[in-house]
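In: sequence and predicted model, in that order:
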Amino acid sequence: MAETETLTQRRIFSFWAPLAATWLMMATEGPFLAAVIARMDQPKFNLAAYGVAFAIAMIVEAPIIMILSATVALLRDSDSFRKIRNFTYALNSGITLLMLVVIFPPVFDLLAIGFMGLPPHVARLTHIGIAFLLPWPAAIGYRRLYQGVLIRNNLTRYVAYGTVVRLTTMAIVASVLTAWTTAEGIIVGTAALSSGVVGEAIASRVMALRSVRVFLDRTPEPDSQPLTYRAIVSFYYPLALTSIIGLAVNPLTTFFVGRSSFAIESLAVLPVVNSLVFVFRSFGFAFQEVVIALMGEHFENYKSLRAFALVLGITTVSGLALIVFTPVSALWFHEVSGLSVSLASFALLPAQILVLLPGLSVLLSWQRGILVTGRRNAPISVSTGIEVFLIILVLVVLVGHFHAIGAVAAAIGLMSGRIFANIYQGFACRRSLNKVFAPVESAVQNA
């Protein structure tokens, strides 16, 4: 949607807030489930397996995760809706088949034991968890398609309502399994996750019924160029590649952490640390669709959105710092997350290293929004490749040569990779903005 009137900070906030609430609610599911698992039998092994299973499910989900941004950017009329929907369903079929392949025991054993080097007990629990996460990737793709429809129709609050359904369903399933069964922690966590996202997908489809009709009733304009499947693929594949490369970080990190000093302790605390950091990163994740939707075809709202991004970045970094650099950290990791005193202490340094990551996530969403609006998606994939390469390089050096503690090495790698990714995307954004603003400045000078 293009904005022709002045875009105020209040207008940006009103559009962003429901999306931020959605991401924030999703961010709470990680700490909630980690806290549940931490209070059950064999918490160290189940937490480690939960983190690995979730990482594998995320990498399988990667090709579909950017369908929300694609829908917001490309959806215009009945023809574009049908083609984006068909494209989404085809991708969903492919990733579900891939998930089935991963669950196949010989393939899983090669991946978990042969490649990741997981201990047999953790590998067994991880296999169970992945089986319960089978519906997860396709459900994510389905709901992100219809969330994109809602956002394009300026109904961001309904996206938040869907997430309420997700969290409620997840909490009910986790509570029932914990109270009424003897299921292991990995089953409770992954079954609750899958149930929640399936419930959210159904709710999103129901809430989008009216918005779908709006686009189905909108015929393409006579002078507009029809959206083709080739155009969708051309636009989408750099975004999908970005997700695939980016989400590969989790299993690759697990591979190195599994071979590091204090491997089990690191695998146990990383889901908890990542969940805390994700809470503050979530505010930045919500900003990408805001930039795409509100920037305007000619970047007329650039300055207003930039000002909002600056405040958002400073706020998120400050919020995380207030936890990890104060006594609140002990309260969070021990009392809230349920880690033992020793594991809570073990988690503190990695969390402190990651303190700037929420601000860098805001910057990344801002930069990606600029590039997607300008139809320059390729630099997004390149920057993600740079990020992953540096993460792996840091892990190889710290774990392979200096025998560093796994969780600390992972945190240093994540920060190093993100900083250089932001730097590269900054140069790419400058080139995009020069193409937009240079003709305007030239016209003003000539006048």
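Out: On my side now, so go ahead.

In: contacts and neighbour counts: CA atoms only from here.
Out: Will do.

In: so, low pLDDT: which residues of the stretch 151-300 of the chain?
Out: 251 (pLDDT under 70).

In: contacts only, for the nearest residue to L267 once chain neighbours are set aside.
Out: Among residues not flanking L267 along the chain, A48 sits closest, at 4.9 Å (CA to CA, 6 or more residues apart in numbering). For A48, the contacting residues are V122, I264, L267, A268, V269, P271, by CA atoms under 8 Å, 6 or more residues apart in numbering.

In: I'd like these as a markdown table, with neighbour count appended.
Out: Conversion of those to a markdown table gives the following (neighbours: other CA atoms under 10 Å):
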| residue | neighbour count |
| --- | --- |
| V122 | 20 |
| I264 | 21 |
| L267 | 24 |
| A268 | 27 |
| V269 | 28 |
| P271 | 23 |
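
In: and after the one helix or strand the residue nearest to L267 maps to, which helix or strand comes next?
Out: Using DSSP states H and E, the secondary-structure element containing A48 is helix 43-61. Moving toward the C-terminus from helix 43-61, the next helix or strand (DSSP H and E) is helix 67-74.

In: now do that next one: which elements does it pack against?
Out: Under the contact definition 3 or more CA pairs under 8 Å, 6 or more residues apart in numbering; DSSP states H and E, helix 67-74 sits against helix 78-103, helix 136-152, helix 229-247, helix 287-294.

In: quick check: buried residues in the third one?
Out: Applying a neighbour-count criterion of 16 or more other CA atoms under 10 Å, one finds 232, 235-247 buried in helix 229-247.

In: now stretch 144-157
Out: The neighbour-count check on stretch 144-157 (16+ other CA under 10 Å) flags 144-153, 155-157 as buried.

In: check stretch 7-18 too.
Out: Residues of stretch 7-18 classed as buried under the neighbour-count rule (16+ other CA under 10 Å) are L7, I12, F13, F15, W16, A17, P18.

In: is the third one in a helix, a strand, or coil?
Out: Applying DSSP: H, G, I helix; E, B strand; the rest coil to F13 yields a three-state assignment of helix.

In: so who does it touch?
Out: F13 sits next to no residue when contact means CA under 8 Å, 6+ apart.

In: export stretch 307-324 to PDB, keeping only CA atoms.
Out: Coordinates of each C-alpha in stretch 307-324 appear next as PDB, following Å, rounded to 0.1, in the frame of the first residue of the first chain:
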ATOM      1  CA  ALA A 307      13.200   7.800  12.500                       C
ATOM      2  CA  PHE A 308      10.900   5.000  13.800                       C
ATOM      3  CA  ALA A 309      13.600   2.400  13.100                       C
ATOM      4  CA  LEU A 310      16.200   4.400  15.100                       C
ATOM      5  CA  VAL A 311      14.000   4.700  18.200                       C
ATOM      6  CA  LEU A 312      13.000   1.000  17.900                       C
ATOM      7  CA  GLY A 313      16.600  -0.200  17.700                       C
ATOM      8  CA  ILE A 314      17.700   1.800  20.700                       C
ATOM      9  CA  THR A 315      14.700   0.700  22.800                       C
ATOM     10  CA  THR A 316      15.100  -3.100  22.100                       C
ATOM     11  CA  VAL A 317      18.900  -3.100  22.900                       C
ATOM     12  CA  SER A 318      18.200  -1.200  26.100                       C
ATOM     13  CA  GLY A 319      15.500  -3.600  27.200                       C
ATOM     14  CA  LEU A 320      17.700  -6.700  26.700                       C
ATOM     15  CA  ALA A 321      20.600  -5.000  28.500                       C
ATOM     16  CA  LEU A 322      18.500  -4.300  31.500                       C
ATOM     17  CA  ILE A 323      18.000  -8.000  31.900                       C
ATOM     18  CA  VAL A 324      21.400  -9.500  31.100                       C
END
